[in-house]
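J.: coords please:
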Amino acid sequence: MTNIGNQNTNEAGQNVKCNKCGMQHYGNYPIKCNKCGKIGHKARECWSKVVATGKSGARGQAYALRDGDQNLGPNVVTGTFLLNNRYTRVLFDLGSNKSFVNVNFSHLIDIEPVIVDHSYEVKLTDGRVVSTNTILRGCALNLVNHLFEINLMPIKLGTFDVIIGMDWLILHDAVIVCGKKEVHVPLKKRTLVVKGNDCVSRLKVVSCMKVKKYVDRGSYLFVAQVVEKEPAERRLEDVPVICEFPDVFPEDLPGLPPPRKVEFEIELFSGAAPMARVPYRLAPSKMKELATQLQELSDKGFIRPSSSPWGASVLFVKKKDGSFHMCIDYHELNKLTIKNRYPLPRIDDLFDQLQGSSVYSKIDLRSDITSFNKEEHEEHLRIILKLLQKEKLYAKFSKCEFWLDSVKFLGHVINSQGVHVDPAKVEAIKSWTAPKSSTEVKQFLGLAAYYLSAPILALLEGSEDFVVYCDASLKGYGGVLMEREKVIAYTSQQLRNHEEDYMTHDLELDAVVFALRPRRHYLYGVKCTVFTDHKSLQYILGQKKLNLRKERE
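T.: Sure, this is the predicted structure:
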């Protein structure tokens with residue numbers, strides 16, 4: 001004979017309890033509510049409350065944020081989830097004994113509300129009491145790709161679309177972890193972790209074609225106009241020290257510069273014949289611009305009519321503000337000019353001159369001013385501006401920058417912390433077009449290797465406490481120069497073919513020489529410490545006989 005339903009004894013004859021209600025009974029488990037007396041659900045799942053006649057009813061509590069209230073309590077978790085395939089702003093709240101949906105949002109769920117036998121009164125945080133007697137049963141809530149059924153009561157909420165209260169949390173044995181702002185929902189073999197996210201918004205930019213559809217459905221609509229915020233215009237009167245020299249920054253040049261003690265002239269090769277180029281063809285708009293600018297220069301006395309046998313073409317370059325800058329093509333004249341050879345300074349030497357600087361200014365004379373502190377920077381500014389004022393030289397205020405904490409210099413960003421890669425250079429690597437030849441590949445690899453990672457190089461703080469770290473491998477040499485635990489420079493090199501046959505002792509010695517040689521201008525005449533992982537090098541100076549290569553090094 002086969003037993004049907006729950007029995008009060010097992011096969012061994014022992015008394016057992018029902019695995020659903022915990023009591024002993026025969027037959028199928030009769031689910032009966034202890035509050036309303038109806039069969040089919042438990043008391044904790046009951047939506048009908050025993051109420052008195054008239055308007056009185058059982059009251060529940062709901063934590064509903066008003067619009068603009070950002071002070072979320074520690075016992076709530078918020079996030080954006082799918083409810084019936086619609087993005088919904090959800091609030092998990094231990095202070096609410098029921099789950100609710102905003103009346104305006106309930107129209108989007110496509111579920112007909114069910115009228116319950118008794119009304120349910122809800123007390124909101126602002127003290128108001130609202131009443132409802134309808135329920136949306138069987139709503140599909142998607143939490144981390146897991147579907148849950150939830151019954152929601154429509155009331156008028158503020159910020160959130162749905163409030164999930166204790167009824168749903170108890171039904172699924174869910175726990176709110178306040179410290180982590182998470183909701184843990186136990187499943188059969190694991191626990192589902194739902195993380196709150198206060199930063200996610202379900203607002204989207206839609207086309208004009210969809211606006212009417214959303215209006216018809218009762219969706220929230222926001223009309224916004226994006227306006228580019230223009231930076232506040234700098235005024236010369238607001239810049240310290242600069243405001244004392246307004247004549248150095250005129251709106252326009254007052255005239256030709258005064259006669260100088262030294263007159264400069266263009267030296268030509270002996271026997272050079274005058275050169276004249278055919279003018280470039282210009283568009284009518286540029287021809288009009290040429291006539292306008294020539295007239296302005298003539299009125300100010302900067303130019304005059306000439307009948308010289310020399311001639312050069314004119315072209316225009318568009319500026320950032322949309323105006324045109326007139327340029328003169330002097331290529332043919334430059335071919336006949338004797339050049340003065342001025343050696344350009346090395347980038348490394350220029351960086352060394354910035355040691356200890358923390359305040360910077362840029363004047364539109366192609367020069368920068370660096371100083372150790374603000375007091376010294378103020379003194380430097382006064383010296384330079386007085387010199388410009390004395391020699392009747394002028395600067396353009398809109399292109400100048402003063403009192404900077406960092407400055408772009410020769411493809412790098414300089415500040416008090418050291419030398420950094422200019423982000424614009426890294427961006428150039430990201431947007432680099434695919435190389436199509438071996439030469440282009442080499443060019444890209446060279447640039448990428450230089451800017452592969454942002455170097456954090458410190459500026460020199462003197463000529464003491466230098467430390468050199470060096471090492472050698474079967475692939476190459478490497479070295480680092482440091483001062484007071486700050487990196488000053490890196491160096492590395494791949495082994496040449498003949499160096500790959502060197503013994504380890506010789507390679508380590510070459511690594512020391514390689515690390516010291518390119519930085520000898522720092523270390524010459526200065527005591528420094530050299531670190532190597534080859535201990536036998538400590539005794540090399542005490543050896544009586546060295547091979548020729550070691551003697552040369």
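
J.: Nearest residue to the most centrally placed residue in the chain in space, please, no chain neighbours.
T.: In the chain, the residue lying closest to the centroid (Cα atoms, centre = their mean) is Pro423, at 11.0 Å. Counting by Cβ to Cβ, 6 or more residues apart in numbering, Pro423 lies nearest to Val413, which is 7.7 Å off, once chain neighbours are set aside. For every residue, glycine as well, the C-beta is placed using N, CA and C.

J.: So that neighbour belongs to a strand, correct?
T.: Yes - counting by DSSP: H, G, I helix; E, B strand; the rest coil, Val413 falls inside a strand.

J.: for it, what are its contacts?
T.: 406-407, 419-423 (Cβ atoms under 8 Å, 6 or more residues apart in numbering).

J.: Can you tell me which of those residues are buried?
T.: 407, 419, 421-422 (16 or more other Cβ atoms under 10 Å).

J.: Run through the residues that contact the nearest residue to Leu282 once chain neighbours are set aside.
T.: Distances taken as Cβ to Cβ, 6+ apart place Leu290 nearest to Leu282, at 6.6 Å, with adjacent residues excluded. Residues in contact with Leu290 (Cβ under 8 Å, 6+ apart) are 282, 314, 316, 326.

J.: Which among the residues you listed count as buried?
T.: The buried subset of those - by 16+ other Cβ under 10 Å - is Phe316.

J.: For the contacts of Leu290, give me TSV that also has secondary structure and pLDDT.
T.: Converted to TSV, the contacts of Leu290 look like this (DSSP: H, G, I helix; E, B strand; the rest coil; pLDDT from 0 to 100):
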residue	secondary structure	pLDDT
Leu282	coil	86
Val314	strand	90
Phe316	strand	90
Met326	strand	89
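
J.: which residues of the stretch 301-450 of the chain score low on pLDDT?
T.: Confidence mapping of the stretch 301-450 of the chain against pLDDT under 70 gives the ranges 353-356, 358, 360, 362-372, 425-426, 428, 448-450.

J.: swap the cut-off to 50 and go again
T.: Applying pLDDT under 50 to the stretch 301-450 of the chain flags the ranges 366-367.

J.: Let me see the ranges of the strands in it.
T.: 313-318, 324-329, 359-363, 367-371, 401-404, 406-409, 412-415, 418-421 (DSSP state E, counting those that start in this stretch).

J.: Out of those, which is the most enclosed?
T.: strand 359-363 (a mean of 21; mean count of other Cβ atoms under 10 Å).

J.: The residue nearest to Thr504 when sequence neighbours are not counted: what's it in contact with?
T.: Nearest-residue entry for Thr504: His534, 7.3 Å, with adjacent residues in sequence omitted and distances by Cβ to Cβ, 6+ apart. Going by Cβ under 8 Å, 6+ apart, His534 touches 504-505, 508-509.

J.: From the structure, what's the count of residues near Lys261?
T.: 4 (other Cβ atoms under 10 Å).

J.: residue ranges with poor pLDDT in the stretch 51-200 of the chain?
T.: In the stretch 51-200 of the chain, residues with pLDDT under 50: 51-71, 199-200.

J.: run the last query once more with 70
T.: 51-75, 125-127, 197-200.

J.: where along it do the helices fall?
T.: 103-106, 166-171 (DSSP state H, counting those that start in this stretch).

J.: Could I get the buried residue list for the longest one?
T.: Which is helix 166-171. Across helix 166-171, burial judged by 16+ other Cβ under 10 Å covers 166-169, 171.

J.: Wait, Val90 touches Leu82, no?
T.: No - applying Cβ atoms under 8 Å, one finds Val90 not in contact with Leu82, separated by 9.7 Å.

J.: Quickly list what the nearest residue to Ala312 once chain neighbours are set aside is bridged to.
T.: Among residues not flanking Ala312 along the chain, Ile328 sits closest, at 5.1 Å (Cβ to Cβ, 6+ apart). Beta-bridge partners recorded for Ile328 (DSSP bridges): Val314.

J.: From Leu336, how far off is Ser270?
T.: For Ser270, the distance to Leu336 equals 10 Å [Cβ to Cβ, to the nearest Å].

J.: between these two, which one's more packed in?
T.: Remark: of Ser270 and Leu336, Leu336 carries more neighbours, 16 against 6, as counted by other Cβ under 10 Å.

J.: State the number of residues packed around the closest residue to that one other than its chain neighbours.
T.: Leaving aside its sequence neighbours, Leu336 sits nearest to Ala272 (Cβ to Cβ, 6+ apart; 4.2 Å). Ala272 is flanked by 13 other residues according to other Cβ under 10 Å.

J.: From what I see, Ala272 and Ile338 are in contact.
T.: No - using Cβ under 8 Å, Ala272 is not in contact with Ile338, being 9.7 Å away.
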